[in-house]
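**Q** What follows is a predicted structure for the sequence shown.
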Amino acid sequence: MKSLISLWNVLADEFASRCSTSTTLDSKTILGRCEHEGMSFLTITLPSFGKDFQYCLDQGMIVPESFLPFRKSGSCLPSFLRGFMEQVFHLDSGILMDEPDIESILAIRQLTLLFSKIEIPCTPERERKAMSDYIHCDQEVDVKTMQLSDSDLSELSRLGRLLFGPMLSMVDSDIYHEEILPKHGPGATADRLSSNGKYLSEYWTHRLEEVFHFGDFLSPSPAYSQDWSDGINILEPGSELPSRVVSVPKTQKTPRIIAIEPSSVQYVQQGILESVNRAMRRDLIGSFISSDSQEPNQLLAQEGSIGDLATLDLSEASDRVSLMHVCCITRGNPLFQKAILACRSEYASVPGNGIIPLSKFASMGSALCFPIEAMVFLTMIFHGIERERGYHFTDRREIESFVGRVRVYGDDIVIPVDYVHTVVDSLEYFGAKVNRRKSFWTGRFRESCGKDYYAGHDVSIVKFRRRWPSHRQQVAETVSLVAFRNLLYEHGCWATCAWLDEKLRNLLTHFPCIESSSSALGRVSFLGYLAEKEHEHLHVPLVKACVMSSRSPKDPLDGRSALLKFFLKRGDSPRYDKEHLRRAGRPRVAYIKTRWVTPY
């Protein structure tokens, strides 16, 4: 923690110099409160200051209930970071200045949210609470869905047909003509299979078999004998493997809850996902939702900070998309609906709570969770827009007029400010939960997909992601620290980078200047790299640097399963990894080695 406090102090001094103020007292506050509160002050209490600051920016004044964990003396402004706050809000009234200092806004956000996403495991109590909240949320979804009237559900169905009918018809065609090409993802599975072991699977489910014949998905060729197909175990609904709910580090305040899907359903989900993404790119709806890039949302957030677009953020987004929501918006495309329900996990195994039935469509971890939730939220958005306008849309040309003004990327939403209140009401009426502290439409601050803007100025920050490494054998922490240093450099925090460079030289010994595309662990610099020697045969520049080295675990695959893996490969180019039939999966161990490498 001492290294983290030192990093904060160096960064604070640099921003103080840039903003012509002092952070001497702020540094004393950090040291004193860390001694009494520990790491939680940096990772929980300090980020709460940053979130309150953003909310006050949006409200245009210091809200009375903000900054409660911090002392206020002689002013409505908190004493902490007062030198920066005085350049943003009026000292006597707390009203936002007409032209606040952009550097001070950036400084406050950077210094308070620096450690907000550090991956430190939560306490067991917080993990148990997160699991309990997961179950409680699913129960709420069930109750909320039961409260919806038939007319409400009909409205979702009508809008679903209007918005997604043509796009889903393309996916229907792929399913009908057996053009869905399945794929195994890189992650874990509920049946705990290895990376190549997924291709050895010899079970299927009855629900999947009704839409996707196992012979087309598990066999590389119809030429294989009947003896093999007789060995396939077709599981009835009551005997299917449930998804496995686990927690992964997110913040020290709360973990992220995800569900690990069984290999059979995940295999089909990935194939349908490709078809959905392909159809989106060919249809009007791809102008509103897409899994390809966050950039459209980010550009709209920048436009909204100087214009009339709002950014909304949803809490527990995927967990509040009910099965009923999805069935309603896909009612006009029964083949697609049957396909996504066939590869949906109906039950989940929750630690400490056993196996529970799911009211939600899917948790994070399902390949279809992201695009389906975006479709549901877009439907609710246009339901709110219709209410504001006072009439129903009957033609897609009316929808087309909102291109460039409405955009959904997962739970990040951009909409026109004129429709905010009815859209928020619509989202919450159908069961979504709008995080009003992270949704912005009143002032000139906007946030979407990891980019933040104030009045058109980029005030995005760099976040410290892992613990400070004490030796280079802590590979993940060391690589993260190098990446953090390089991001800070690109954001112009050069004094802090100089301090980090000294720390990293002591850690790595060799820390040369490189291009960002290099495999070496080095310093990205606008001045370019300096070659230390030339390759004897290739005559390319080389530098001596540390490089992360890892190798996939042994996971041999041959016979029918190896042939299946070959036929499922995308594209015509050969595989980059020539040993994929002997080794596969994520490396269990990584090393940092010193060698001569190209600096680009």
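**A** Looks like it arrived, so ask away.

**Q** how about residue 126, what does it touch?
**A** Contact analysis of residue 126 by Cβ atoms under 8 Å, 6 or more residues apart in numbering lists 253, 254, 255. Every residue, glycine included, has its C-beta placed from N, CA and C.

**Q** For residue 130, see how far away the last one is.
**A** So the one you mean is residue 255. 5 Å (Cβ to Cβ, to the nearest Å).

**Q** Can you tell me which of the contacts of residue 126 is closest to residue 56?
**A** residue 253 (20.7 Å; Cβ to Cβ).

**Q** surely that closest one meets residue 44?
**A** Yes - with contact defined as Cβ atoms under 8 Å, residue 253 and residue 44 form a contacting pair (5.0 Å).

**Q** can I see the domain layout of this structure?
**A** 2-116, 124-454, 475-597 (automatic domain parsing).

**Q** Run the chain-centre distance for the first one.
**A** Same thing as domain 2-116. Centroid displacement of domain 2-116 relative to its chain, using Cα atoms, centre = their mean, to the nearest Å, is 26 Å.

**Q** Quick one: mean pLDDT for that domain?
**A** Domain 2-116 carries an average pLDDT of 95.

**Q** wait, what's in contact with the closest residue to residue 195 other than its chain neighbours?
**A** Using Cβ to Cβ, 6 or more residues apart in numbering and skipping the chain neighbours, the partner closest in space to residue 195 is residue 585 (3.3 Å). Taking Cβ under 8 Å, 6+ apart, we find residue 585 in contact with 186, 194, 195, 196, 552, 553, 555.

**Q** Can you classify the fifth one as helix, strand or coil?
**A** What it means is residue 552. coil (DSSP: H, G, I helix; E, B strand; the rest coil).

**Q** shaky segments in this protein?
**A** Across the chain, residues meeting the criterion (pLDDT under 70) sit at 223-227, 576.

**Q** buried stuff in the lengthiest helix in it?
**A** In the chain, taking DSSP state H as the definition, the longest helix is helix 150-176. Residues of helix 150-176 classed as buried by neighbour count (16 or more other Cβ atoms under 10 Å): 153, 155-168, 170-172, 174-175.

**Q** the more surrounded of residue 255 and residue 130?
**A** residue 255 (20 against 17; other Cβ atoms under 10 Å).

**Q** By neighbour count, which of the contacts of residue 585 wins?
**A** That'd be residue 196 among those, by other Cβ under 10 Å, with 24 neighbours.

**Q** how close does that one sit to residue 203?
**A** 17 Å.

**Q** Equivalent analysis for residue 157, please.
**A** 35 Å.

**Q** can you check residue 491 too?
**A** To residue 203, residue 491 is 50 Å away according to Cβ to Cβ.

**Q** for residue 509, same thing?
**A** Distance, residue 509 to residue 203, using Cβ to Cβ: 51 Å.

**Q** Please identify which of those two sits among more neighbours.
**A** Set side by side, residue 509 and residue 203 show more neighbours around residue 203, with 18 against 12, by other Cβ under 10 Å.

**Q** and the residue nearest to residue 195, helix, strand or coil?
**A** Quick answer, by three-state DSSP: residue 585 is coil.

**Q** Torsion angles phi and psi at it?
**A** When read as degrees, to the nearest 10, the backbone of residue 585 gives phi 100, psi 170.

**Q** cool, the one 10 residues further on as well?
**A** The phi and psi values for residue 595, taken as degrees, to the nearest 10, are phi -160, psi 170.

**Q** My guess is it contacts residue 543. True?
**A** No - Residue 595 is beyond contact range of residue 543, at 10.0 Å (criterion: Cβ under 8 Å).

**Q** list the residues that contact both of residue 255 and residue 130?
**A** The overlap between the contact sets of residue 255 and residue 130 (Cβ under 8 Å, 6+ apart) consists of 122, 247.

**Q** who are the neighbours in contact with residue 586?
**A** Taking Cβ under 8 Å, 6+ apart as the test, what residue 586 contacts is 186, 195, 552.

**Q** could those residues go into JSON lines alongside distance to residue 522?
**A** JSON lines is the format used below for these (distance: Cβ to Cβ, whole Å):
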{"residue": "186", "distance to residue 522": "27"}
{"residue": "195", "distance to residue 522": "31"}
{"residue": "552", "distance to residue 522": "25"}
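
**Q** helix, strand or coil for residue 392?
**A** coil.

**Q** how much space between the nearest residue to it once chain neighbours are set aside and residue 422?
**A** Distance criterion Cβ to Cβ, 6+ apart; nearest residue to residue 392, sequence neighbours excluded, is residue 386 at 5.8 Å. Using Cβ to Cβ, residue 386 is found at 9 Å from residue 422.

**Q** any idea how far residue 7 is from residue 427?
**A** To residue 7, residue 427 is 39 Å away according to Cβ to Cβ.

**Q** Residue 142 contacts residue 359, correct?
**A** Yes - under the criterion of Cβ under 8 Å, residue 142 makes contact with residue 359 at 3.9 Å.

**Q** where's residue 246, which helix or strand?
**A** For residue 246, the host element (DSSP states H and E) is strand 243-248.

**Q** Could you give me the buried positions within that strand?
**A** 243, 244, 245, 246, 247.

**Q** Out of the domains of the chain, which is closest to residue 461?
**A** domain 2-116 (4.4 Å).

**Q** Span of the closest one from start to end?
**A** One end of domain 2-116 sits 17 Å from the other (Cα to Cα, to the nearest Å).

**Q** just stretch 533-542 next, same as before
**A** Stretch 533-542 has its terminal residues 5 Å apart, counting by Cα to Cα.

**Q** How far does that stretch sit from its chain's centre?
**A** Distance, stretch centre to chain centre, for stretch 533-542: 40 Å (Cα atoms, centre = their mean).

**Q** element containing residue 355?
**A** The secondary structure element spanning residue 355 is strand 354-357 (assigned by DSSP H and E).

**Q** Report all helices and strands that that strand contacts.
**A** In terms of contacts (3 or more Cβ pairs under 8 Å, 6 or more residues apart in numbering; DSSP states H and E), strand 354-357 is packed against strand 347-350.

**Q** Alpha carbons only: can I get the strand it packs on in PDB?
**A** The C-alpha coordinates for strand 347-350 follow below in PDB (Å, rounded to 0.1, in the frame of the first residue of the first chain):
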ATOM      1  CA  TYR A 347     -31.000 -23.500 -14.000                       C
ATOM      2  CA  ALA A 348     -27.900 -22.200 -12.200                       C
ATOM      3  CA  SER A 349     -25.800 -23.600  -9.400                       C
ATOM      4  CA  VAL A 350     -25.200 -20.800  -6.900                       C
END
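
**Q** Paired strands for that strand, with orientation please.
**A** Sheet pairing for strand 347-350, assigned by DSSP bridges, gives strand 243-248 (parallel), strand 354-357 (antiparallel).

**Q** so how far is it off the chain centroid?
**A** Between the centre of strand 347-350 and the centre of its chain there are 23 Å (Cα atoms, centre = their mean).

**Q** Outside of that strand itself, which residues are in contact with it?
**A** By Cβ under 8 Å, 6+ apart, the residues outside strand 347-350 that reach it are 131, 134-135, 190, 240, 242-245, 259, 355-358, 363.

**Q** Which one of those is nearest to residue 322?
**A** Scanning those for proximity to residue 322, where the rule is Cβ to Cβ, the winner is residue 358, at 9.5 Å.
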